[in-house]
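1. sequence first, predicted coordinates after that:
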Amino acid sequence: MASSVAEKLAGVRVANGEGWASVAPNLRKNLGVLSSEEIELAKMLLHEGQKHLFDHWPEPGVDDGRKKSFFDQVARLNSSYPGGLVSYIQNAKRLLADSKAGKNPYDGFTPSVPSGEVLKFGDDDFIMLEEVGVREARKAAFVLVAGGLGERLGYKGIKLSLPVETTTGKCFIQHYIESILALQEASSRQAQGQCKAEIPLVIMTSDDTHSPTVDLLESNNYFGMKSTQVTLLKQEKVACLDDNDARLALDPNDKYKIQTKPHGHGDVHALLYSSGILEIWRSAGIKWVLFFQDTNGLLFKAIPASLGVSATKGYHVNSLAVPRKAKEAIGGITKLTHTDGRSMVINVEYNQLDPLLRATGHPDGDVNCDTGFSPFPGNINQLILELEPYFEELSKTRGAISEFVNPKYKGSTKTSFKSSTRLECMMQDYPKTLSPSARVGFTVMDTWLAYAPVKNNPEDAAKVPKGNPYHSATSGEMAIYRANSLILKKAGAQMADPITDVFNGQEVEVWPRITWSPRWGLTFSDVKRKVEAECSVSQISTLVINGQNVFLDSLSLDGTLIVNAIDEAEVKVTGSVQNKGWVLEHIDYKDTSIPEKTGIRGFRIQKIEQLELNYTEPGNFCFKS
Ligand SMILES: O=c1ccn([C@@H]2O[C@H](COP(=O)(O)OP(=O)(O)O[C@H]3O[C@H](CO)[C@H](O)[C@H](O)[C@H]3O)[C@@H](O)[C@H]2O)c(=O)[nH]1
């Protein structure tokens, strides 16, 4: 009888050690198709309650190639998560059970205001810290997390390719690279006699962003950086989960594939660790690792002083922050002390901070103090970590970061999900595992100087309540002009007041369109040194300074002036420059004849008239109009 033959064969397989697969008969039939490595992975999956993954598997001989590629994916998922899929599934079970039980991750913790530094742009302390920061920069490495697609912005390309501002049209990655190179050069100048530093840059990409990032860099010669200075690390997505038992979800379009979704920017720590790059940096004498995000065109104005804070305060972790209005939708940096004595300084997301305060003896929750701001500064997710303690910590954790899960339940019984979920992690949660002796602090700077991300599409930005930041391409660009104008003003120039205008439904301040290359004005001292007596700039003006040794002396500008000079040319610009200049023309993002990069700003620049000065030979020059 056929069945008894099958039973006998099964008996032989059990005797040969295949009994482990008896719970998944369709897998068991296919064992002969699989390699020993694939069989080990299959055993692990069954052991972790994943037999459903094989329920639909047909007889051997059918779809064998796809069965193998299923295991290729399992192997990738297994190797890219600290502790492998076993840890992933077990962590998921635990976090899903906590979520179902409504457990508060901050149970037992009392919040208080941590200690940190509050800087005032341009004062003596700020200038001293910038100098220290520039000196330290030669021992720094930068890490840009750029694996996110930016769904909220809705832009189809990678965000790194967007212009920071459209006066020069330089994109974010170009601006970042030029800023790092300017720091590298300034730092090497300070350390005369020692060998010239090369500041490494790591960019974390994902499947969504990797190829366009490589293309952008390669087609622009890495924007002047040596290609060997740049390392791309691609984060993998993680498996989706179908239910509270952490059963892995199959891709609805391909039953031989596990559905995956992004794990979040917290992956950067595990990737840095597993790539071995931290060890290379240690032996190269690197001391600081600076993490930053894809679209903050102001960030590098805050870097020198914040690095100076890390160095002078000996911070192992320094989070950059801006003053935050109570209940504003950015996380607050908070000290949490547990009843068992543990304590940590950490970002608490805004939707959790208010209830946590209310539950711990602050009946009004998150409210402004007499400064007009919440006492808990707003996290802008720029971290400066000291490499040695960071490496020691990661040697223990392998870069695993405290995770969370956010399932959308179907009903109040919380037994099933509306769609599959996954574990997520955030880069700023790194300090959660540190011991209380770790020196964790923060540096607060004015928002106008340090923070202007581009995250929201025009439609959503226009709905932001008045007074709250738009975080759009429009506000991101206007913030650059505002910051540069305010810096020139502080350096002594007379800057015209801004006008207000509305672009794509957002009311913004329009300042003179001032831009400079990072080589010109890396620190406030640089700007002060290069802007001499009695300069003035009218509101309609545009100024582009592209060259290290350009000096403005009693310049009166009412129109557009562009100065391009090689480093060996020392150029003094003086007198009165007047022309029709460049004007902002209103456009609508809904107009499909306009490129998306431009449309999302709500304006484009009409170049009517300008004075352009080009210095391509070494020497001393004076331009007087
Ligand atoms: O899987 C991911 C997800 C995001 N990113 C990158 O991480 C950065 C931040 O992503 P978002 O802009 O989507 O970040 P959020 O607005 O969600 O929030 C983060 O940035 C805010 C400030 O900008 C707050 O500090 C907040 O606490 C922090 O989580 C971006 O450079 C993005 O490219 C990745 O590399 N991989």
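-> On my side now, so go ahead. Numbers count the residues shown, from 1 in each chain.

2. Thr110: neighbour count?
-> 17 (other CB atoms under 10 Å). Every residue, glycine included, has its C-beta placed from N, CA and C.

3. return the residues of the stretch 1-150 of the chain in contact with the ligand.
-> For the stretch 1-150 of the chain, the residues in contact with the ligand (CB under 6 Å from any ligand atom) are 145-148.

4. what does the stretch 401-550 of the chain give?
-> Residues of the stretch 401-550 of the chain lying near the ligand (CB under 6 Å from any ligand atom): 426, 428, 453, 455.

5. swap the cut-off to 8 Å and go again
-> Within the stretch 401-550 of the chain, the positions near the ligand by CB under 8 Å from any ligand atom are 424, 426-428, 451, 453, 455, 471.

6. columns distance to Phe70 on top of the residues of the stretch 1-150 of the chain next to the ligand, output as TSV?
-> Listed next are those as TSV, based on distance: CB to CB, whole Å:
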residue	distance to Phe70
Val145	30
Ala146	30
Gly147	24
Gly148	28
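
7. which ones among those residues map onto helices?
-> Cross-referencing these against helices under DSSP state H gives no overlap.

8. just among those residues, which is most surrounded?
-> Counting by other CB under 10 Å, top hit in these: Gly147 with 28 neighbours.

9. mind listing what that residue touches?
-> 204-206, 208-209, 234-235, 262, 265, 267 (CB atoms under 8 Å, 6 or more residues apart in numbering).

10. check Tyr106 too.
-> Applying CB under 8 Å, 6+ apart to Tyr106 gives the contacts 336, 348, 352, 356.

11. surely Ile384 is in contact with Lys313?
-> No - the pair Ile384 / Lys313 is not scored as a contact, 10.6 Å apart, by CB atoms under 8 Å.

12. okay, the two: which has more neighbours?
-> Just comparing Ile384 and Lys313: by other CB under 10 Å the higher neighbour count belongs to Ile384, 26 against 16.

13. helix, strand or coil for the more buried one?
-> Here Ile384 is recorded as strand under DSSP: H, G, I helix; E, B strand; the rest coil.

14. Thr337 too?
-> strand.

15. quick thing: my sequence starts at 54, can you match it?
-> Happy to do that; since the first residue is 54 now, the last one works out to Thr390.

16. which non-adjacent residue is nearest it?
-> Ser396 (4.3 Å; CB to CB, 6 or more residues apart in numbering).

17. any idea how far the ligand is from the one you found?
-> 20 Å (CB to the nearest ligand atom, to the nearest Å).

18. I figured that residue hits Lys485, correct?
-> No - counting by CB under 8 Å, Ser396 does not reach Lys485; the two are 11.4 Å apart.

19. the more surrounded of those two?
-> Ser396 (17 against 14).

20. quick one, what contacts the more buried one?
-> With CB under 8 Å, 6+ apart, Ser396 has these contacts: 388-390, 489.

21. pLDDT score for the residue nearest to Thr390?
-> Ser396 carries a pLDDT value of 87.

22. distance of it relative to Pro265?
-> Distance of Ser396 to Pro265, computed by CB to CB, to the nearest Å: 43 Å.

23. give me every residue that touches the residue nearest the centre of the chain.
-> Nearest to the mean C-alpha position of the chain, by CA atoms, centre = their mean, lies Gln346 at 2.2 Å. Applying CB under 8 Å, 6+ apart to Gln346 gives the contacts 197-199, 318, 434-435, 506.

24. also Gln659?
-> Here Gln659 is in contact with 635-638 (CB under 8 Å, 6+ apart).

25. highest neighbour count among those residues?
-> Trp635 (22 neighbours).

26. does it touch Ile658 like I think?
-> Yes - between Trp635 and Ile658 there is a contact under CB under 8 Å: 5.1 Å.

27. name the residues contacting each of those two.
-> Listed contacts common to Trp635 and Ile658 are 220, 566; contacts here mean CB under 8 Å, 6+ apart.

28. still on that earlier bit, okay if I get the contacts of Gln346 as a markdown table plus pLDDT and distance to Asn537?
-> Below are these laid out as a markdown table (pLDDT from 0 to 100; distance: CB to CB, whole Å):
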| residue | pLDDT | distance to Asn537 |
| --- | --- | --- |
| Leu197 | 98 | 22 |
| Val198 | 98 | 26 |
| Ala199 | 98 | 25 |
| His318 | 96 | 29 |
| Asn434 | 94 | 23 |
| Gln435 | 96 | 20 |
| Pro506 | 96 | 18 |
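
29. return the member of those nearest to Ala74.
-> Nearest to Ala74 among those is His318, at 38.5 Å by CB to CB.

30. phi and psi next, for that closest one.
-> phi -70, psi -10 (degrees, to the nearest 10).

31. hmm, Ala199 and it touching each other?
-> No - between His318 and Ala199 there is no contact under CB under 8 Å: 9.2 Å.

32. where do the contact lists of the two overlap?
-> Residues touching both His318 and Ala199 (CB under 8 Å, 6+ apart): 257, 346.

33. and Trp495, helix, strand or coil?
-> No, residue 495 isn't Trp; it's Phe. Assignment for Phe495 (three-state DSSP): strand.

34. just list the residues touching it, thanks.
-> 167, 169-170, 371-374, 386, 398, 430.

35. return the closest of the residues you listed with respect to Thr221.
-> Using CB to CB, these come closest to Thr221 at Leu373, 25.0 Å.

36. pretty sure the closest one sits against Gly431.
-> No - with contacts counted by CB under 8 Å, Leu373 stays clear of Gly431, the gap being 9.8 Å.

37. of the two, who's got more company?
-> Leu373 (29 against 24).

38. which element is the more buried one on?
-> strand 370-375 (DSSP states H and E).
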